[in-house]
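Novice: just coords:
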């Protein structure tokens with residue numbers, strides 16, 4: 001006969017085996033449930049990714065469409081705005097490709113364009129007295145005096161015979177050096193003394209990213225402000241080299257006063273830009289009225305290079 005101990009041991013073995021079986025079964029069932037949840041999650045992530053890729057492609061297509069529109073619309077927006085005017089595009093080192101871009105925009109607006117690009121050597125040699133002398137040469141609009149800067153290795157000059165410009169746009173890159181600040185401040189001081197219109201532009205190349213915080217530094221404050229009217233810039237434009245900045249710069253040269261262009265400017269263009277009038281950007285102060293853009297004549301960037 002089987003002993004009681006045998007029955008107890010057998011019953012215990014059955015109970016243990018049943019417990020192990022239940023544990024294994026629960027684990028397998030749990031793993032299958034987790035696998036199903038993972039499969040559902042992966043499927044949802046795949047669908048979300050495909051949707052995001054589609055949205056990205058659509059946005060890229062829209063951006064390219066808007067760029068094409070801007071390229072085609074700009075000549076119509078600028079035509080005749082600076083007809084009959086002569087403009088000097090004066091740039092400090094760091095402005096890069098924005099120099100040629102803003103020069104082309106001014107020419108498209110009908111202006112005769114002179115280009116003066118200060119060199120790194122000029123920054124190395126700039127002091128307050130030197131900056132004043134160079135500013136007087138640029139503001140004189142005298143061919144010999146302007147080309148003398150090129151002869152001394154201080155600037156690259158493109159200026160034609162008989163040119164007498166009456167306005168200028170001074171382009172500087174964010175983070176401009178102290179020497180660059182001295183040159184720019186000398187330029188606005190001399191321009192105001194002569195009654196010549198001058199526009200301060202912050203340059204940004206087409207391939208560069210624009211950071212609205214760049215101009216918020218000590219150099220910017222030193223360049224864009226000063227005691228009295230002698231250092232007052234009638235207009236400031238952020239993002240010269242980009243389409244909004246280029247259009248705003250042309251309108252500023254035509255007479256608009258204020259702060260325009262890319263952020264931190266509060267408005268891209270003067271409020272009455274469509275009519276060619278003047279309007280001040282928010283937070284910038286004064287405005288004046290002056291008609292520009294009499295006809296749609298085409299200007300050109302002057303090709304004579306002084307050496």
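Specialist: Looks like it came in fine. Quick caveat, the model's predicted, so the values are computed rather than measured. Residues are numbered from 1 along each chain as shown.

Novice: Just to check, residue 174 is in contact with residue 202?
Specialist: Yes: taking Cβ atoms under 8 Å as the contact criterion, residue 174 and residue 202 are neighbours in contact, 5.9 Å apart. Placement of C-beta: from N, CA and C, glycine included.

Novice: what about those two, which has more around it?
Specialist: Neighbour tally, residue 174 and residue 202, criterion other Cβ atoms under 10 Å: the higher count belongs to residue 202, 28 against 19.

Novice: Got phi/psi on the more buried one?
Specialist: phi -100, psi 120 (degrees, to the nearest 10).

Novice: who does it bridge with?
Specialist: Listed by DSSP bridges, the beta-bridge partners for residue 202 are residue 172, residue 238.

Novice: Do a quick rundown of the helices in the stretch 51-200 of the chain.
Specialist: Shown for the stretch 51-200 of the chain, the helices assigned by DSSP state H, counting those that start in this stretch span residues 98-108, 120-125, 128-140, 143-151, 178-194.

Novice: Point out the other elements, helices or strands, that the second one touches.
Specialist: What it means is helix 120-125. For helix 120-125, the packing partners by 3 or more Cβ pairs under 8 Å, 6 or more residues apart in numbering; DSSP states H and E come out as helix 178-194.

Novice: List the buried residues for the helix it packs on?
Specialist: 179-192 (16 or more other Cβ atoms under 10 Å).

Novice: So which elements touch that helix?
Specialist: For helix 178-194, the packing partners by 3+ Cβ pairs under 8 Å, 6+ apart come out as helix 120-125, helix 128-140, strand 167-172, strand 197-203, helix 218-224.

Novice: give the contact list for the spatially most central residue of the chain.
Specialist: Closest residue to the average C-alpha location of the chain: residue 239 at 3.3 Å, with Cα atoms, centre = their mean. When contacts are counted by Cβ atoms under 8 Å, 6 or more residues apart in numbering, residue 239 touches 202, 204, 210, 245, 248, 261-262.

Novice: Widest-spaced pair of these?
Specialist: Greatest spatial distance among the contacts of residue 239 (Cβ to Cβ): 210 and 248, at 13.5 Å.

Novice: Neighbour count: the two, which is higher?
Specialist: Between residue 210 and residue 248, counted using other Cβ under 10 Å, the more crowded position is residue 248 (33 against 18).

Novice: for that one, phi and psi?
Specialist: Listed backbone geometry of residue 248 is phi -60, psi -40, with angles given as degrees, to the nearest 10.

Novice: what's around residue 74, how many residues?
Specialist: 18.

Novice: ranges for the strands of the chain?
Specialist: With strands called from DSSP state E, the chain shows them at 86-91, 112-118, 155-158, 167-172, 197-203, 235-240, 258-261, 300-301, 305-306.
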